[in-house]
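Student: Need a 3D model of the sequence below.
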Amino acid sequence: MPTPDNRGLLRRLHPLDRIALAIATLFLIVTLARLAGYSLPFAGFVQFAFFLSLGYLVYRFSSWARTRLLWSLRNRLIVAFLFFAGVPVVMLLAMGAITARMLFQQLGGYLLVQDIQARVVEVANTADSVASAMAVTPQTNRAAPIVPPVLQGHLARVEGDLPGLELDMKSPGKYLASSKASSGTRFSGIVQSQGQLWLVGEVRRGQSTITARAPVTPELLDRIAPFLGPLQLVMTHPATDDDPANTILHLGGLRYGPGKRVTTPSRKLQGPASWFDFQVDGVSNLDAQLETPNGLLPSPVFASFSTRAAPLYGRIFSSLGDLSSYYVEVLIAIGFVFLLLEAVAFITGIVLTRTITHSVSELYHATQYAQAGDFSHRVRVERADQLGALADSFNAMAGSVGTLIEEQRKRQRLENEISIAHEVQSQLFPRTMPAVPGIEFDASCRPARGVSGDYYDFLPLGATRLGFALADISGKGISAALLMASVQAALRSQLLLDGNVPASTAEIVGRINRHLYLNTTEDRYATFFFAIYDSSEGVLRYTNAGHPAPFCISGGQVNRLEVGGTVVGVFDDYQYEEGVVQVEPGSLLVIFSDGLVEPENVYGEEFGSRRLADVALRDRQASAHDLVESLLGAAEEWAGTAEQADDMTVIVARLSKALN
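Tutor: Predicted structure coming up:
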């Protein structure tokens, strides 16, 4: 099993990564030393650097994890689905839960304050009732006023709601004096007096002032809002230096410290009626006043409660009666439909995600096959949608690429074969020029397709005689090159291997014609020009078998060599003619293939033999080699492009008499 290359891993790490890892290692060493009882002087700095490095490593790891996690399209779609669908739903549910909790807290606090305020109003109304009754009832004993009998039953009922209710029939009206009431005849509120919390009501009727107050005791508190569960009232007082700083409250620019607490020890929080029946805890601020020798000062009281959502829900819909169940059912139905739609959307998202990722995975694996060079693999098309069309396109592309690669391979093999054929054919052309007195000559062949269907040759036929041959095989490419080799072999076998050289060029061309006729199909033929020059006599004998007429330039005159007959390889036993030219010393013989005169310029005009002759006349004093290059260059310049339509072959010979 191969071991991991840790050194290679370290080399791939960023320098900052290495520094962070080194600091983490140093922190570990410092920690171990501290556990062993050793104190290092630089421990604080190492700890600070470690936390910086830890933040950096967490960032680097999160970047690495995000890259690895989101590389897969499936993971990307899942994350996108969570952000687009999951997160909004969770946020809406969380917002709904928070809103519901806040609503129930506010409702519970409101109901608690309302119930306490109702008890305060009841205390004040009791004082008002007593004051009104005393105002119309004669008092026999002014020193000790008594409650009129008509209110005895009423007071008994009030004391049932307000245990410990006290009445002061001869009140000095201190609450009216301290409260700064607008009317000055009625006061009601919550008052802290001598460490006790009271519900106070004070009313003045004529000369009488009645004060009623009920102590806020656990017994009284137990009768307030029984549906709210356990209650607790916390009194406050102006903060002093003795109060702990963490217990001081800042309200309205004033500082308050906590005071006495009043609770309901007998009330317990009931259990949940359903899974939705959550616990609700709330706190409300009650406006209260603290009784001091200087009057009443604001000193709030905090009322807290713990209850369930179900009782508060019942209080909300209590006014609807039987209709409340209808609204509940509608709400449940809407919630069920919402959950059903969410489930359908979730399942649809999963199906679509699997469909997309499966198709992409298939395409990815198909590209792996293509990268390995296997273009036979095809992607399964399972549905008629855009992904299916993409799979079809990939399959078509893979087939096309496979076909193109196969064609490229075939073309490469063909080019290799052509290269080999070109190399072989280059051996068929004369590699060295024979030395014949009185003759300066050169030749060149520029194939259009790697191999040429043109053939030229120089054949020494004695001390002073030289044969010139130029043939243009029908067609191009390999087939023309093979036929060219056949013509070369036949011609050389006629002239070089056989000691009896025919005296007539027409006879030689006739034999080549019969050879091609017997060994090729009807559609294969060649134009052929063959000439023999005898430098001792200054005589040129030639036969032109359908070839573009060469010309012999002598003293500024251009003589075309047209005597001969038709192309070779078409008719059996065709009788060719021989032409004889008496050549003046210094004459120029130019033999060429049609590829040299047929190039066209941009206007479609051919170069033509006339322009070729003009170039030869212009440069006739040049050497044979330079004149060959000049003729080829003129044709290429006329065409204006490096691409040839046909093979270009030219032979140039300067003819003179041999010196005896």
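
Student: Show me where the stretch 101-250 of the chain dips below the pLDDT cut-off.
Tutor: The model of the stretch 101-250 of the chain has pLDDT under 70 over residues 136-151, 179-183.

Student: Surely residue 461 is in contact with residue 469?
Tutor: No. Shown here, residue 461 and residue 469 do not form a contact pair, counting by Cβ atoms under 8 Å, at 11.5 Å. For every residue, glycine as well, the C-beta is placed using N, CA and C.

Student: neighbour count winner among the two?
Tutor: Taking neighbours as other Cβ atoms under 10 Å, residue 461 and residue 469 compare with residue 469 leading, 25 against 16.

Student: host element of that one?
Tutor: strand 465-473 (DSSP states H and E).

Student: Would you mind pulling up the elements that that strand packs against?
Tutor: Here strand 465-473 touches strand 439-446, strand 454-460, helix 477-495, strand 526-534, strand 587-592, strand 648-655, going by 3 or more Cβ pairs under 8 Å, 6 or more residues apart in numbering; DSSP states H and E.

Student: Let me know which of the ones you listed is the nearest to residue 390.
Tutor: helix 477-495 (41.8 Å; Cβ to Cβ).

Student: Next one: residue 553 from residue 627, what distance?
Tutor: Distance of residue 553 to residue 627, given as Cβ to Cβ, to the nearest Å: 10 Å.

Student: List the residues that are in contact with both of the two.
Tutor: Counting by Cβ atoms under 8 Å, 6 or more residues apart in numbering, the residues touching both residue 553 and residue 627 are 588, 616, 620.

Student: Which among those residues count as buried?
Tutor: Listed as buried from the shared contacts of residue 553 and residue 627 are 588, 616, 620; burial here means 16 or more other Cβ atoms under 10 Å.

Student: Next one: the second one, what pLDDT does it get?
Tutor: pLDDT, the model's per-residue confidence, is 91 for residue 616.

Student: For the stretch 351-500 of the chain, give me the ranges with low pLDDT.
Tutor: Scanning the stretch 351-500 of the chain with the threshold set as pLDDT under 70 gives 417-418, 421-427, 450, 496-500.

Student: Would you map the helices across the stretch 101-250 of the chain?
Tutor: 152-161, 174-179, 218-221 (DSSP state H, counting those that start in this stretch).

Student: picking that back up, now the buried ones among the shared contacts of residue 553 and residue 627 in JSON lines, with distance to residue 351?
Tutor: Formatted as JSON lines, those follow (distance: Cβ to Cβ, whole Å):
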{"residue": "588", "distance to residue 351": "88"}
{"residue": "616", "distance to residue 351": "83"}
{"residue": "620", "distance to residue 351": "88"}
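
Student: Mind giving me the packing neighbours of the helix or strand hosting residue 553?
Tutor: Applying DSSP H and E as the criterion places residue 553 in strand 551-554. Strand 551-554 is packed against strand 557-560, strand 587-592, helix 608-618, with contacts defined by 3+ Cβ pairs under 8 Å, 6+ apart.

Student: what's the distance between the residue lying closest to residue 259 once chain neighbours are set aside and residue 192?
Tutor: Nearest residue to residue 259, sequence neighbours excluded (Cβ to Cβ, 6 or more residues apart in numbering): residue 235, at 3.8 Å. The gap separating residue 235 from residue 192 is 5 Å, by Cβ to Cβ.

Student: Find the residues that touch each one of those two.
Tutor: Counting by Cβ under 8 Å, 6+ apart, the residues touching both residue 235 and residue 192 are 259, 288, 299, 301.

Student: Got a ChimeraX select line for the buried ones in those residues?
Tutor: In ChimeraX, a selection of the buried entries from the shared contacts of residue 235 and residue 192 looks like this (16+ other Cβ under 10 Å):
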select :259,288,299,301
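
Student: Dump the shared contacts of residue 235 and residue 192 to JSON lines, plus pLDDT and secondary structure.
Tutor: Listed next are the shared contacts of residue 235 and residue 192 as JSON lines, based on pLDDT from 0 to 100; DSSP: H, G, I helix; E, B strand; the rest coil:
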{"residue": "259", "pLDDT": "87", "secondary structure": "strand"}
{"residue": "288", "pLDDT": "90", "secondary structure": "strand"}
{"residue": "299", "pLDDT": "88", "secondary structure": "coil"}
{"residue": "301", "pLDDT": "92", "secondary structure": "strand"}
